[in-house]
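how would this look folded up:
(2 chains)
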Amino acid sequence: DQQVKQNSPSLSVQEGRISILNCDYTNSMFDYFLWYKKYPAEGPTFLISISSIKDKNEDGRFTVFLNKSAKHLSLHIVPSQPGDSAVYFCAAMQGAQKLVFGQGTRLTINP
Amino acid sequence: NAGVTQTPKFQVLKTGQSMTLQCAQDMNHNSMYWYRQDPGMGLRLIYYSASEGTTDKGEVPNGYNVSRLNKREFSLRLESAAPSQTSVYFCASRDPRGVYYEQYFGPGTRLTVT
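Just a heads-up that it's a prediction; the model follows:
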């Protein structure tokens, strides 16, 4: 049973516009969420995170929003740049050690 | 700092063969992890080691064994490879005292079992 779901396998956005990637989760015990970015033939790299006690966290062009009542989080990238083209994974902390990942969304930024 | 390194980068095995995937980190992290990534499945945790001397099962441990050789190194062994173990394997490490809980990943090992 997939506890973290990214329902959009792919997303295409024009350069300079906003990219919005979505993630849903089912386990209300998750209390910390992370976004990772992955380029082909490389390992995932940490992008931004949010604690369940917050509803927003911002880092430069990247903002993560958390709606606990809806069990939904989203990653906003503004403005989108060609280097943002990658696969984005949403993940949730389960306990002190385990990360549970979503399936990933492939973002393509078109010039 | 090299971060997290993995060897080999690529490997082809025949069904029934065994092999060990190696992982090392130079960030003095206590916790280390092994994941597999399959198309449409995201990353799934195989085993982890919260600290030197301890290992625990993750979501998909069947068919694998691990060894936490020392603080730096955490290996993953396939005793009798099966085609279902064809995947990309990632090792990761984390400092549990870190503020953001993020794990640092190696570049991956692409394994094909025929």
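
Please count neighbours and contacts with C-alpha atoms only from this point.
Will do.

residues from chain B in reach of chain A?
Proximity of chain B to chain A, by CA under 8 Å from any CA of the partner chain, involves residues B:40-45, B:50, B:58, B:90, B:100, B:102-108.

which among the residues you listed end up buried?
Neighbour counting with 16 or more other CA atoms under 10 Å in any protein chain shown marks B:42-45, B:50, B:58, B:90, B:100, B:102-108 as buried within these.

Sort out for me which of the residues you listed are in strands.
The members of these that map onto strands under DSSP state E are B:42, B:43, B:44, B:45, B:90, B:104, B:105.

Just the closest of those to chain A, please.
Ranked by distance to chain A (CA to the nearest CA), those are led by residue B:42 at 3.8 Å.

Hmm, that closest one is touching residue A:99, no?
No. Assessed by CA atoms under 8 Å, residue B:42 is found out of contact with residue A:99, at 11.2 Å.

Kindly provide the distance from residue B:104 to residue A:110.
Shown here: residue B:104 relative to residue A:110, a distance of 29 Å by CA to CA, to the nearest Å.

Any idea what the spatially closest residue to residue A:19 that is not a sequence neighbour is bridged to?
Excluding the flanking residues, the one nearest residue A:19 by CA to CA, 6 or more residues apart in numbering or on different chains is residue A:77, at 5.0 Å. Beta-bridge partners of residue A:77, counted by DSSP bridges, are residue A:19, residue A:62.

What's opposite residue B:4 in the beta bridge?
With DSSP bridges as the rule, residue B:4 is bridged to residue B:25.

I'd assumed residue A:109 was in contact with residue A:12.
Yes. Contact between residue A:12 and residue A:109 holds when scored by CA under 8 Å: they sit 6.0 Å apart.

Which of these two has more residues huddled nearby?
residue A:109 (19 against 12; other CA atoms under 10 Å in any protein chain shown).

For the helix or strand containing the more buried one, enumerate the helices and strands it packs against.
Using DSSP states H and E, residue A:109 maps to strand A:105-110. Applying 3 or more CA pairs under 8 Å, 6 or more residues apart in numbering or on different chains; DSSP states H and E, we find strand A:105-110 packed against strand A:10-14, strand A:86-94.
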